[in-house]
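**Student:** Okay, sequence plus prediction incoming.
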Amino acid sequence: MEYEVVVGMEIHAELLTKTKIFCSCPTKFGDPENTHTCPICLGMPGVLPVLNKSVVKYAVRAGLALNCKIANFSKMDRKNYFYPDLPKAYQTSQYDRPLCLGGTVNINVNGKTKPIGITRIHIEEDAGKLLHESSDGTLVDVNRCGVPLIEIVSEPDIRGPEEARIFAEKVRNTLEYTGVSDCKMEEGSIRFDVNVSVREKGSKELGTRTEMKNLNSFRALERAIKYESKRQIIELKKGHSIVQETRKWDDVKGISSAMRSKEDAQDYRYFPEPDLVPIVISDDEIKKAKDQLPEMPEAKKERYMAEYNLPEYDANLITSTKETARFFESTVNLCNHPKQVANWLMVDIPAHLKEKDLTMDTIPFSPEDLAELINLIQDGTISGKIAKSVMEKMFDEEGSPKEIVEKHNWAQMQDTGELKSIIEKIVQDNPKSVSDIAAGNKKAYGFLTGQVMKATKGKANPQLANKIIREVVSKKIDE
Amino acid sequence: MSINNLTIHETKEALKEGKFSTEELVDSYIDHIEKIDPKVDAFLLKCLDRAKDQAKKIDSEKQNDTCSLSGIPYALKDNICTKGIKTTAASKMLYNFIPPYNADVYERLNSMNSIMLGKVNMDEFAMGSSTENSAFKVTKNPWDLSTVPGGSSGGSAVAVASDMAAFALGTDTGGSIRQPASLCGVVGLKPTYGLVSRFGLIAFASSLDQIGTFAKDVEDTAIILNAIAGHDPKDSTSLDLPKKDYTDQLKNGTKELTIGILKNYKAEGVQEEVQTAMDDAIAAYKSMGAKVVEVDFRYFKQALAAYYIIACAEASSNLARYDGVRYGFRAKDYTDYIDMYYKTRSEGFGSEVKRRIMLGTYALSSGYYDAYYKKAMQVRTVIINEYKKIFDQCDVLLTPTSATTAFKIGEKMNDPLQMYMSDTFTVPINIAGIPAISIPAELDHKGLPIGLQIVGPVLGEEKILQAAWALEKHFDFRKNQPNL
Ligand SMILES: [Zn+2]
């Protein structure tokens, strides 16, 4: 019997607002414990939340980028549960009236486009962190309490681990593109929960699902689904039924294990947050937000193909991150050789970045520098081969391409007179080559060119050198 | 008449005329507190040295003319946060809690140089109608020390009724200002929900809680309301409205007013002498030229039921933060964090608070939400609409504040339902978010004050103050003083 793996996802992403969702504490990651706190995010008696308007703005932007409908009216609710990292003992979230509803994300699977439905996106606050390693017992760090989150809930449209990864990557790219979240997985600013079930291929009904929470890398996501779906299929084949439960994914051991069953699931006793007023957004405001939305990767890719004549493969790669696309466009605006710019950004630059453990964010030179390098090739100052060496020095931060070329005396010999006298000498010294050519052996030209390049330490413009060699040799033969 | 028996407007007049200094005024209050408070137990924390220093400063800098409340001594209910000053909500849970922030109302009074004499007693987390649920002490009614002062703002009512403060602030979630004001013979105002910021008020039921005033007369009430009303960006439910002077229309009389009377109020177990006071008030309004009309309100029972569901549901969530992790009481000898939660909350809360947390938790539980919380919210909408209809027919509504005068200490402690019933006339007002004032009318045969409630539509403060001021003139209640 053949099985189909069905996956639904919940993606939590921290928003890039400067301050928290209900107070003015900074959201900055990585500072010492409990330095970004105030009576409000500490849940002290009598304090009240005030909703940060930027949170709504960012969430609306995310909703529009994921093709959702923005609700004109939505509200906040309290999700009640006790845990030491949750100072108020409730998380302020959205329950039955979320901010965004019904979106779609188109993913590319084996060259085909497949739509994945977005059920809803809502805003909520993050909880703090428990630090268990301490000798003082368990300690609480409240810095993350109240950092704004969006929760993106997908429809169970995803089939299998690979699609799940592609979907997650697409959502992450979109959030990064729109500047809604920095999606730094290592800092936990984007986290994935997955619901996995399996069913007989062709069946319309969904199987019993299990949930795995807080997967924090694409690899963990893909592996967890692969493992869990295989486990379920084995269970079913043994004639067992699947227990609806939350399972823990152990990324080191590569296995999932039961954590708590549906019966043990908490009753969150949701009810409308009485300390906050409903969120009301007019159609005008939604339209304005839509107009301010940056160009999405797909649209950008189409435009690069049309406007710059890039092949689809190149356009895909160049638009895969916001920084690469921005670098590309800035460079093309300066030197107008799109294909060459793309080549550098697809091959040499990524290789150097990887080697130096850098990213497009931290690349040590500017689009102006890359444009200058390409112009140096175009005007024949340097060869393509030399250019690669210049690029290496650019990563070593030796200066602008012109400075590097000058410093290393890498400019091609442009002076025809000087080159001509070098060539005349070489032709004079190699009478055998001349007689070979006269006898019809054109290969001897290659030998002469090699001698010229050797004599000029590679700085001779090869086309120019060839032209002069032919003139000098035919004159010699005529003699 | 002693200095501390004066109203705010009388005190200001005397200060202006130089009859006494701010320091002499505060000294008079301090002496009186030291003499009277041991009998009535209103104060949880006295800030008398601080008050004296503040008075001296005001005198030396001649600040007492700058505004209507400068130099005026007052008491604050202990669920209103005061930076650097212990704020307990009369709960063991917060027995040592010192807030690092001020409530908006306290901030406003500070900026006017009013002088806070101390923090006064209440039912724990404002849950109760007698102040007997305080974790620390039982406050007595100055008119008869064997009776309760009402609650939950019992300490605030007693502080004003026994002249230990020129005014006091309290909070009203279901009648917690008006009922004790009624039982203690002072004026108590619950403003429209959102008119006064809740920032720094330790929450009981967020959608019902409102800070309000205790004063010796209606004019003082308007003066205090002027000081504490106003938009606060720290409270999202605070109304953003242009500033008003509530003393403007105060003395305009009642010729233009239509007073509504409920057809069926006597059915709610109203004590005969309270009915007599009502009849007296109706006759007075008629003689002053007001129009009196009968209106209908049929939902006392439903309002009380809805109130206890909504209030307890919100309380169960609002009070969940008291877990012993970050501040306040933490139980000793626990095995893990779950055990710490259990023990801390079992030992830290009193029985009425636990009862309401359990009621609220139940009402919000999955499977019961629709039958209880959702239903209660629907009732709330019905009640709001019912009041809209009533205020289409009249400007203000006159009712008793409490069906009976003060009851004996201990009388209702073992019968929570009977205790809940003492809020019949006050609870629907909070459900609708509208303003109401209680003013003292007469004394019953036992010498206990009877209060009457005047209710207005949303933001109808000016009208209810106007109607109350006229009725106050008629009753002249202040000729009566408790004998302490
Ligand atoms: Zn904060």
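**Tutor:** That came through fine.
**Student:** Pull the number of nearby residues for residue 479.
**Tutor:** All of this is about chain A. Per other CB atoms under 10 Å in any protein chain shown, the neighbour tally for residue A:479 reads 6. The way it works is simple: take the backbone N, C-alpha and C, and place the C-beta from them, glycine included.
**Student:** The chain in question should be chain B.
**Tutor:** 6.
**Student:** just the CA coordinates of whichever strand or helix holds residue B:315, formatted as PDB?
**Tutor:** For residue B:315, the host element (DSSP states H and E) is helix B:300-318. Below are the C-alpha coordinates for helix B:300-318, written out as PDB (Å, rounded to 0.1, in the frame of the first residue of the first chain):
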ATOM      1  CA  PHE B 300     -31.300  42.900  38.200                       C
ATOM      2  CA  LYS B 301     -31.100  39.100  38.600                       C
ATOM      3  CA  GLN B 302     -29.400  38.600  35.200                       C
ATOM      4  CA  ALA B 303     -27.000  41.500  35.800                       C
ATOM      5  CA  LEU B 304     -25.900  40.000  39.100                       C
ATOM      6  CA  ALA B 305     -25.300  36.600  37.400                       C
ATOM      7  CA  ALA B 306     -23.500  38.100  34.400                       C
ATOM      8  CA  TYR B 307     -21.400  40.300  36.700                       C
ATOM      9  CA  TYR B 308     -20.100  37.400  38.800                       C
ATOM     10  CA  ILE B 309     -19.200  35.400  35.700                       C
ATOM     11  CA  ILE B 310     -17.400  38.300  33.900                       C
ATOM     12  CA  ALA B 311     -15.700  39.600  37.000                       C
ATOM     13  CA  CYS B 312     -14.600  36.200  38.200                       C
ATOM     14  CA  ALA B 313     -13.400  35.200  34.700                       C
ATOM     15  CA  GLU B 314     -11.300  38.300  34.300                       C
ATOM     16  CA  ALA B 315     -10.100  38.000  37.900                       C
ATOM     17  CA  SER B 316      -9.000  34.300  37.400                       C
ATOM     18  CA  SER B 317      -6.700  35.600  34.600                       C
ATOM     19  CA  ASN B 318      -5.600  38.900  36.300                       C
END
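**Student:** So it, near chain A or not?
**Tutor:** Yes. If you take CB under 8 Å from any CB of the partner chain as the test, helix B:300-318 does meet chain A, through B:313-314, B:316-317.
**Student:** Nearest to residue B:141 among the residues you listed?
**Tutor:** Using CB to CB, residue B:314 comes nearest to residue B:141 of these, at 29.3 Å.
**Student:** For that closest one, give me its contacts.
**Tutor:** For residue B:314, the contact set (CB atoms under 8 Å, 6 or more residues apart in numbering or on different chains) comprises A:271, A:274, B:203-208, B:360.
**Student:** same deal with residue A:233?
**Tutor:** The contact partners of residue A:233, taken as CB under 8 Å, 6+ apart, are A:3, A:198.
**Student:** Just the element for it, please.
**Tutor:** Residue-wise, residue A:233 maps onto helix A:218-237 under DSSP H and E.
**Student:** what comes up buried for that helix?
**Tutor:** By neighbour count on 16 or more other CB atoms under 10 Å in any protein chain shown, the buried set for helix A:218-237 is A:218, A:220-229, A:231-233, A:236.
**Student:** Now do the helices in the stretch 351-479 of chain A.
**Tutor:** With DSSP state H, counting those that start in this stretch as the criterion, the stretch 351-479 of chain A has helices at A:367-378, A:384-395, A:401-407, A:416-429, A:431-438, A:444-455, A:462-478.
**Student:** Can you add mean pLDDT and distance to chain B and give those helices back as TSV?
**Tutor:** Converted to TSV, these look like this (pLDDT from 0 to 100; distance: least, CB to the nearest CB, whole Å):
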stretch	mean pLDDT	distance to chain B
helix A:367-378	93	44
helix A:384-395	92	50
helix A:401-407	92	54
helix A:416-429	85	77
helix A:431-438	85	89
helix A:444-455	86	75
helix A:462-478	84	72
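**Student:** can you tell which of those is closest to residue B:52?
**Tutor:** Once the helices of the stretch 351-479 of chain A are compared by CB to CB, helix A:367-378 is nearest, at 71.1 Å.
**Student:** Centre of the chain to the closest one, how far?
**Tutor:** How far helix A:367-378 lies from its chain's middle: 26 Å, per CA atoms, centre = their mean, to the nearest Å.
**Student:** Please export the C-alpha coordinates of it as CSV.
**Tutor:** These are the backbone C-alpha positions of helix A:367-378, laid out as CSV (Å, rounded to 0.1, in the frame of the first residue of the first chain):
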residue,chain,number,x,y,z
PRO,A,367,28.6,47.7,-5.9
GLU,A,368,30.7,50.6,-7.1
ASP,A,369,33.8,48.5,-6.7
LEU,A,370,32.3,45.5,-8.6
ALA,A,371,31.2,47.9,-11.4
GLU,A,372,34.7,49.3,-11.6
LEU,A,373,36.2,45.8,-11.9
ILE,A,374,33.8,45.0,-14.7
ASN,A,375,34.6,48.2,-16.5
LEU,A,376,38.3,47.5,-16.2
ILE,A,377,37.7,44.2,-18.1
GLN,A,378,35.4,45.9,-20.6
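**Student:** packing partners for that helix?
**Tutor:** Under the contact criterion of 3 or more CB pairs under 8 Å, 6 or more residues apart in numbering or on different chains; DSSP states H and E, helix A:367-378 touches helix A:322-335, helix A:338-346, helix A:384-395, helix A:401-407.
**Student:** Name the surrounding residues that touch that helix.
**Tutor:** With contacts defined as CB under 8 Å, 6+ apart, helix A:367-378 is touched by A:327, A:330-331, A:333-335, A:337, A:340-341, A:344, A:382-384, A:387, A:390-391, A:394, A:400-402, A:405.
**Student:** can you do 6 Å?
**Tutor:** Contact with helix A:367-378 is made by A:327, A:330-331, A:334-335, A:337, A:340, A:382, A:384, A:387, A:390, A:400-401, as judged by CB atoms under 6 Å, 6 or more residues apart in numbering or on different chains.
**Student:** from the contacts of residue B:314, which two are the most distant?
**Tutor:** Going by CB to CB, the pair spanning these furthest: A:271 and B:204, at 15.4 Å.
**Student:** out of these two, which sits in the busier spot?
**Tutor:** residue B:204 (27 against 24).
**Student:** The more buried one contacts residue B:125, doesn't it?
**Tutor:** Yes. Under the criterion of CB atoms under 6 Å, residue B:204 makes contact with residue B:125 at 5.4 Å.
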